[in-house]
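Participant: Prediction below, plus the sequence it came from.
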Amino acid sequence: MKTGERPATTITTPRAKVTLTREQVISDYRLAVRSRAASELGRREVLIGRAPFGIFGDGKEIANLGMAHAFRPGDWRSGYYRDQTFMLAVGIATLEQYFAQLYADADLGREPFSGGRQMSNHYATRTVDERGHWRDLLSTGQTASDLSPVAAQMPRSVGLAWASKLYRTSPGLRAVAGGFSRNGDEVCFCTIGNAGTSEGLFWESINAAGVLQVPLVVGVWDDGYGISVPNEFQTTKGSISAALAGMQRDSGPGFEIRVAKGWDYLGLIDTFAEVTELARREHVPALVHVVEVTQPQGHSTSGSHERYKPAACASGWCGTRSPTPRHLTSTSAGTGPRSKASASARTRSPRRRYASSATKRRRSSSSRRMRRGRISRRRPRSCAARATRTARSSTRVSFARWWPCVRTAVQRARRSRRSRHGTGARTRTASHRICSAHRTPRRSA
Ligand SMILES: Cc1ncc(C[n+]2csc(CCOP(=O)(O)OP(=O)(O)O)c2C)c(N)n1
Ligand SMILES: [Mg+2]
C-alpha cells in the first residue's frame, strides 16, 4: 500500500473467494483475544480453587474461526474440548455460559449444555423443547454433546453426516425433512486433536465416511503433542495428513485432504470454505490437518507442561507463530519465533526434544535434592502457591483490565452461582476439597 492510500475495506480469499469486511476481521480479532483471555482467566479460577477443573481452547482460536466462517444454521458440530472460540463465533455459547460451566453451575438457564454435569468446554444443544417436541434444527447451529473419551466424537460425526446423505437420497425421508434438513445440504463439522487420530475410532470413522461419501468436514488441531507424547512417537510419518495420503480422492471417490497453518487466518478461512462447499454440494468428505497450532497453557489444569515440553513449546511458540499476538501469551517472554530456544527445538531430534538437556539438568538436580531429603517427589504444591505464581505471571498481561466484557462474564457467572448456592456453598464443592487436600501437610517417610 502506498503512502496516503486508503486501506482496502474488504479482503477476498484467493481460492474460495470469501469476502471479509474490515469490521468482520476486527470482530474476529476481538473474539480471538476475548477467547484467549477467557482461557487464561479460566485457568486462574481453577488454580485459586474457584472451579474444579479446566481444559481450554488457547492456541486454537484462529483455526476455530476459520471453521466457523464455513458453518451455517442447520449444520452440526461433533467435536472436542478445544472449540470454545468456534462455539462463541457461531453463537451456540456465550462467555457467561462458558464460565458457568467452569463453575459447574447446576442451573440450566445459566449452563444450558449440561447443567454443570460435564467438564469445562463440553457443549450440547437440544433437539427437543421442554414439552418433548422436535425443535426446528435448521434455524440455528447444532452441536452433539461433547464426550470425554478421546475420538468418541468420530463415529457420531459420521452418523450425523450420513443423515444428510439419507435426507437427500431417500424419497421417504425427504417428505418428512421439515425442520431437519434442506435437501441434505447440512454438513457435520468434526474436530479432533492430533493424538486423538491414533485411536481406532478415528480410523474406522474416516474409512466409513470415505466409503459412504458423506458431508463430513474433519478439522485436526495439531499442536504436536498428545499431553506429553510428541507426534513422532504415535503417528506414522509424524503427520496424520501424510499417513492418510492414500485416501485422497483422485479420479474416483475418496477424501479431500488439506493442510493449513493454525495461525494463517485467511488461509484457514479459504481452506475450510472450499472443502465445506464441496462437502455441501457433492457430499465429499474432507479433512483439514491444521498444523502449527499452539497450546500455551498446556493440556489442562491438571498438569504443568513445563515439565515435559522444551521451553519454547511450553511458552506457546514451539518454533511456530502464535495464533494470537505475542503479548497475549502470558508466559512467552523472550521466546519469539526467531529466538534461539525455538530454533533449537526445531532442529533437535525427537528423542532429544522429548527430554531437552535443560529438562535433564532440572530432573537430575531435583533428584539430587530428593536423595538428600530436601524435597519429596510427590509433595503437592499448595493451591495458594500455584495461584500466586499464576497471578504473578499474569500481572504483565492483565486481560481483565483490557477486556471488561470477559471480566463482566466471569463476575456475572460467579455472582449468579453464589446467589443460588449461598456464599458458604463454595466450601462444600469438590474444588474446595481438592484445594484442602493440597494444603494438607504431607508426612514424609
Ligand atoms: C480413550 C481415552 N484415552 C485417554 C484419555 C486421556 N486423554 C485426554 S486428552 C488426551 C490427549 C489428547 O491429545 P490430542 O488429541 O492431541 O488433543 P489436544 O489435547 O492436544 O488438543 C488424553 C490421552 C481419554 N480422555 N480418553
Ligand atoms: Mg494435541
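Facilitator: Ah, there it is. Just so it is clear, the structure is predicted and the values come from calculations on it, not from any experiment. Ligands and ions are numbered 1, 2, ... in the order given.

Participant: The residue nearest to the spatial centre of the chain and residue 158: what is the separation?
Facilitator: Within the chain, the residue whose C-alpha comes closest to the C-alpha centroid is residue 82; the distance, by C-alpha atoms, centre = their mean, is 1.4 Å. Per C-beta to C-beta, to the nearest Å, residue 82 is found 20 Å from residue 158. Where you see a C-beta, it was placed from the backbone N, CA and C, and this is true even at glycine.

Participant: Please parse this protein into its domains.
Facilitator: 10-126+133-347, 383-438 (automatic domain parsing).

Participant: Give the closest residue to residue 214 in space, chain neighbours not counted.
Facilitator: Residue nearest to residue 214 in three dimensions, not counting chain neighbours: residue 161, with 3.8 Å by C-beta to C-beta, 6 or more residues apart in numbering.

Participant: In this structure residue 151 contacts residue 201, no?
Facilitator: Yes. Proximity of residue 151 to residue 201 meets the contact threshold set by C-beta atoms under 8 Å, at 4.2 Å.

Participant: which residue does the protein bring closest to ligand 1?
Facilitator: Per C-beta to the nearest ligand atom, residue 193 is where the chain lies closest to ligand 1, at 2.1 Å.

Participant: quick one: contacts for the residue lying closest to that residue once chain neighbours are set aside?
Facilitator: By the measure of C-beta to C-beta, 6+ apart, the closest residue to residue 193 outside its immediate chain neighbours is residue 221, 5.7 Å from it. Contacts for residue 221 were tallied using C-beta atoms under 8 Å, 6 or more residues apart in numbering; they are 60, 63, 82, 191, 192, 193, 194, 262, 290, 293.

Participant: Now do the contacts for the first one.
Facilitator: For residue 60, the contacting residues are 82, 83, 85, 221, 262, 293, 323, taking C-beta under 8 Å, 6+ apart as the criterion.

Participant: Can you tell me which of the contacts of residue 221 end up in helices?
Facilitator: When the contacts of residue 221 are checked against helices (DSSP state H), the matches are residue 63.

Participant: Can you tell me which of the contacts of residue 221 has the most neighbours?
Facilitator: With neighbours taken as other C-beta atoms under 10 Å, the top of those is residue 63, carrying 33 neighbours.

Participant: Residue 265 is in contact with that one, correct?
Facilitator: No. The criterion here is C-beta under 8 Å, and residue 63 misses it with residue 265 at 9.7 Å.

Participant: Pull the contacting residues for residue 103.
Facilitator: For residue 103, the contact set (C-beta under 8 Å, 6+ apart) comprises 45, 50, 51, 116, 413, 414, 417.

Participant: secondary structure element for the nearest residue to the fifth one once chain neighbours are set aside?
Facilitator: Spelled out, it's residue 413. If the residues on either side of it in the chain are set aside, residue 413 comes closest to residue 99, at 3.6 Å by C-beta to C-beta, 6+ apart. Following DSSP states H and E, one finds residue 99 within helix 95-102.

Participant: continuing past that helix, what's the next helix or strand?
Facilitator: Moving on from helix 95-102 towards the C-terminus, the next helix or strand you reach (DSSP H and E) is strand 142-143.

Participant: Of all the residues in the stretch 1-150 of the chain, which one is nearest ligand 2?
Facilitator: Nearest to ligand 2 in the stretch 1-150 of the chain, going by C-beta to the ion, is residue 82, at a distance of 8.5 Å.

Participant: And the contacts of residue 103, which is the shakiest by pLDDT?
Facilitator: Note: of these, the lowest pLDDT belongs to residue 417, at 72.

Participant: Give the helix, strand or coil label for it.
Facilitator: Classification of residue 417 into helix, strand or coil gives helix, according to DSSP: H, G, I helix; E, B strand; the rest coil.

Participant: That one touches residue 102, doesn't it?
Facilitator: No. Assessed by C-beta under 8 Å, residue 417 is found out of contact with residue 102, at 10.0 Å.

Participant: in stretch 227-243, what's buried?
Facilitator: Under the neighbour-count criterion of 16 or more other C-beta atoms under 10 Å, stretch 227-243 has 230, 231, 235, 239, 240, 241, 243 buried.

Participant: and it, is it in reach of ligand 1?
Facilitator: Yes. Shown here: stretch 227-243 in contact with ligand 1 (C-beta under 6 Å from any ligand atom) through residue 227.

Participant: what's the spacing between that stretch and its chain's center?
Facilitator: Stretch 227-243 has its C-alpha centroid displaced from the chain centroid by 19 Å (C-alpha atoms, centre = their mean, to the nearest Å).

Participant: From the contacts of residue 221, which land in strands?
Facilitator: Judged by DSSP state E, strands contain the following of those: 191, 192, 193, 290.

Participant: which residues touch the residue nearest to the centre of the chain?
Facilitator: Taking C-beta under 8 Å, 6+ apart as the criterion, residue 82 is in contact with 56, 57, 59, 60, 64, 121, 191, 193, 221.

Participant: ok, and which of those reach ligand 2?
Facilitator: Contacts with ligand 2 within the contacts of residue 82, counted by C-beta under 5 Å from the ion: residue 193.

Participant: which residues touch the helix or strand hosting residue 77?
Facilitator: Element membership for residue 77 (DSSP H and E) is strand 76-78. Taking C-beta under 8 Å, 6+ apart as the criterion, the residues outside strand 76-78 that touch it are 71, 83, 86-87, 90, 92, 123, 141-144, 153-154, 156-157, 160-161, 186-191.
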